[in-house]
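Visitor: Here you go, sequence then predicted model.
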Amino acid sequence: VGTYGVAVVDAQRPGEVVVARNGSPIVLGIGEKEMFAASDVAALVRYTRQVVHLEDGELAVLKADGFNTFSSDARETAKEPLTVDWEAGHYDTGGYEHYLLKEISEQPETVARTLRGRLNDRFNIAHLGGLNMDARESRSFRRVKIIGCGSAYYSGQIGAQLIEELARIPSDAEPASEFRYRSPVVEPDTLYVAISQSGETYDTLAAVQELKRKGGRVLGIVNTVGSAIAREVDGGLYLHAGPEVSVASTKAFTSTAVAFALLALHL
């Protein structure tokens with residue numbers, strides 16, 4: 001009951017670890033004749049880049065030579081490992097005094113990565129294949145609703161302004177923590193956009209799940225590949241900003257604003 005991410009060991013079975021997730025992230029790392037469990041990919045990249053994300057209500061049994069995943073009612077689930085493109089070096093301060101200074105200085109590079117391959121100079125349009133929407137569907141929306149928490153919500157306010165200015169579609173942003181508790185009316189001609197650097201922000205994830213239950217079309221703007229929100233949404237954009245260690249968001253914030261400019265141009 002409640003929100004948890006737990007790992008359990010039993011003295012009678014020293015070769016196994018059992019992990020379970022509900023609301024809090026659990027990531028499995030697949031090594032050479034060894035397995036890892038953590039709450040964040042950051043803890044794993046020094047040892048392996050092959051990871052598996054557990055879903056809510058899912059459990060796993062880890063042994064040195066592999067793992068099995070299953071649901072809470074004991075049905076086996078098939079999981080395909082993902083290869084993360086972050087490396088241990090991404091978590092070094094890189095000669096800077098602290099991570100905040102490093103991530104401020106990385107912004108020109110991370111903005112370039114967010115833009116790379118997404119601008120079509122011939123037709124002056126944005127190429128966003130990850131949205132999983134054709135042109136007809138993109139033109140069908142009459143309103144855009146953006147949800148996020150903290151700095152993601154602030155970037156959503158910028159995004160709403162960009163979409164209104166460029167696409168001339170009424171848009172607004174709302175804190176996901178408020179949105180999920182007010183039993184929102186979900187309109188078929190509204191495009192919903194969820195923003196999260198980690199892709200695991202619980203209030204935002206719960207709002208996405210509420211929207212999906214009510215038939216809403218939800219896009220995600222997320223930095224972490226394979227995260228819970230990225231798996232839950234219908235399509236979206238990865239920021240490719242690399243891991244953001246500092247609590248004060250810098251490069252993820254600017255990359256999100258750039259992603260919204262691309263989305264506005266596309267719409």
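Guide: Happy to help now that I have it. Residues are numbered from 1 along each chain as shown.
Visitor: contacts and neighbour counts: CA atoms only from here.
Guide: Fine.
Visitor: Wait, Gly94 touches Glu103, no?
Guide: No: Gly94 is beyond contact range of Glu103, at 10.0 Å (criterion: C-alpha atoms under 8 Å).
Visitor: between those two, which one's more packed in?
Guide: Higher neighbour count among Gly94 and Glu103: Glu103, with 23 against 11, using other C-alpha atoms under 10 Å.
Visitor: Who are the contact partners of that one?
Guide: Contacts for Glu103 (C-alpha atoms under 8 Å, 6 or more residues apart in numbering) come out as 244, 246, 250-251.
Visitor: helix or strand for it, which one?
Guide: Taking DSSP states H and E as the definition, Glu103 sits inside helix 99-105.
Visitor: could I have that helix exported to CSV, CA atoms only?
Guide: Coordinates of the C-alpha atoms in helix 99-105 are reproduced here as CSV (Å, rounded to 0.1, in the frame of the first residue of the first chain):
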residue,chain,number,x,y,z
TYR,A,99,27.8,20.9,-11.0
LEU,A,100,25.7,24.1,-11.3
LEU,A,101,28.6,25.9,-12.9
LYS,A,102,29.3,23.0,-15.2
GLU,A,103,25.7,22.7,-16.4
ILE,A,104,25.4,26.5,-16.9
SER,A,105,28.4,26.3,-19.3
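Visitor: Touching the helix or strand following that helix from outside, list them.
Guide: Once the chain leaves helix 99-105, the next helix or strand it forms, by DSSP H and E, is helix 107-115. Identification of contacts with helix 107-115 by C-alpha under 8 Å, 6+ apart yields 238-242, 250-251, 254-255, 258-259.
Visitor: Point out the ones among those residues that are inside strands.
Guide: Counting by DSSP state E, the contacts of helix 107-115 place Tyr238 in strands.
Visitor: which ones among the contacts of helix 107-115 are found in helices?
Guide: Among those, the residues falling in helices (DSSP state H) are 251, 254-255, 258-259.
Visitor: Look up the closest residue to Lys33, ignoring the ones flanking it.
Guide: Leaving aside its sequence neighbours, Lys33 sits nearest to Asp65 (C-alpha to C-alpha, 6 or more residues apart in numbering; 4.8 Å).
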